[in-house]
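Visitor: Okay, structure incoming, though there's no sequence with it:
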C-alpha cells in the first residue's frame, strides 16, 4: 500500500488545511510544504522526508511567488547550526539542526540558489553557484533578467594556469539572447566570461555586456585565456567598452583568445558563435603564440569561429 502524508504550513510555520502538491511524487514519505525558504528552516521538521518551498531565496523569500525559484529539499542526515542555510545556499538546517539538501532534477534554476537577476551586484551568490555546479556536475538555467557580478569576472574560470579546470560538460543557458543578460559593472574594466584555463563547458541562449566608469581598461565579452578545451559558446555581445591605448584598443571585444607569457596549455575544440553589436571587435586573437589556426577576421557582427 502507498501512504502519503503532507503537511501544509503558512509563512509563520503554522499548519493549515492539508493539500496535495502536484509537484511531489506519491510514496511512503512525509512532506511539508512552505511558502518560503525562511519559514522552512525556522520550522521543526523531525520525521519529514521532503520539503517543498514555493518562493525564492534571499530578499525575495516572502514576496516573489513560484513555482520558478521554488525548490524541493530532502532530508540528508546531516546536522548543523539550527535555522541556517548551507554555505552555498543549496540546503538548510531546520530549528533542530537537521539538514535538508536541494534536489536537482537534471538542471538547476539559478533562482534556487538565491540569485535574483535584478541588475544588482550578485557576485557572491553567483560564485557559490559556480562552486555548487562544479562539485555536482549539473547544468544551470538563468531565467530572464540581468545578472551582474560588479567589478569581478564571472567565476567560471581557473585561478591557476598550470592545468585546465574541468567542468565535466555542463551547460550554462539563459532564456534567450537579449532576454538573459550577463554583465560586469566596474571602474577599470572586467571581462564578463573570462574563461581562464578551463575545459568541458558551454554557454548559450544569453547575451553579455559591460560598463566602466574609469579609464584604465576596457571590458571584453568572452575571453578565453591560457588554454582551453571543449568550450562551446553561442551567445550575443553588445555595448562592450573599449579604450584607445594609442597602439591598441583595450577591451571592446565580443570574443577574444589571449595567452599569458607562462601559458602551457593548448586550445582544442572551441566553438564561438554569436553576434556582436556596438563592439570594437567581433573576434580578436591576442597572443604571440600559434597553438591554433583560426580562419576568421575581426568583424563587427555575425561571427562563427571554430578551433579544432
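Guide: Nice, I can see it. Note that the coordinates shown come from a computational prediction; the quantities given were computed from them, not determined experimentally.
Visitor: From now on I want contacts and neighbour counts done on CA atoms only, so please keep to that.
Guide: OK.
Visitor: Low-confidence bits of the stretch 51-200 of the chain, can you list those?
Guide: Along the stretch 51-200 of the chain, the model assigns pLDDT under 70 to residues 55-69.
Visitor: Please, where are all the strands along it?
Guide: Remark: strands assigned in the stretch 51-200 of the chain by DSSP state E, counting those that start in this stretch are 71-79, 91-93, 98-102, 107-109, 118-121, 139-142, 145-148, 165-174, 180-186, 193-212.
Visitor: quick one, strands of the stretch 201-308 of the chain?
Guide: 222-238, 242-244, 249-251, 253-258, 267-274, 276-277, 281-286, 303-307.
Visitor: which strands and helices sit next to the shortest one?
Guide: Packing contacts for strand 276-277, counted by 3 or more Cα pairs under 8 Å, 6 or more residues apart in numbering; DSSP states H and E, involve strand 222-238.
Visitor: JSON lines for the strands of the stretch 201-308 of the chain, including mean pLDDT, distance to residue 186 and mean neighbour count?
Guide: Output for these, formatted as JSON lines (pLDDT from 0 to 100; distance: least, Cα to Cα, whole Å; neighbours: other Cα atoms under 10 Å):
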{"stretch": "strand 222-238", "mean pLDDT": "94", "distance to residue 186": "16", "mean neighbour count": "24"}
{"stretch": "strand 242-244", "mean pLDDT": "91", "distance to residue 186": "13", "mean neighbour count": "18"}
{"stretch": "strand 249-251", "mean pLDDT": "88", "distance to residue 186": "13", "mean neighbour count": "20"}
{"stretch": "strand 253-258", "mean pLDDT": "91", "distance to residue 186": "16", "mean neighbour count": "26"}
{"stretch": "strand 267-274", "mean pLDDT": "90", "distance to residue 186": "24", "mean neighbour count": "19"}
{"stretch": "strand 276-277", "mean pLDDT": "92", "distance to residue 186": "20", "mean neighbour count": "23"}
{"stretch": "strand 281-286", "mean pLDDT": "80", "distance to residue 186": "20", "mean neighbour count": "21"}
{"stretch": "strand 303-307", "mean pLDDT": "50", "distance to residue 186": "27", "mean neighbour count": "17"}
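Visitor: Out of these, flag the one nearest residue 175.
Guide: Of all these, the one in closest proximity to residue 175, counting by Cα to Cα, is strand 222-238 (11.3 Å).
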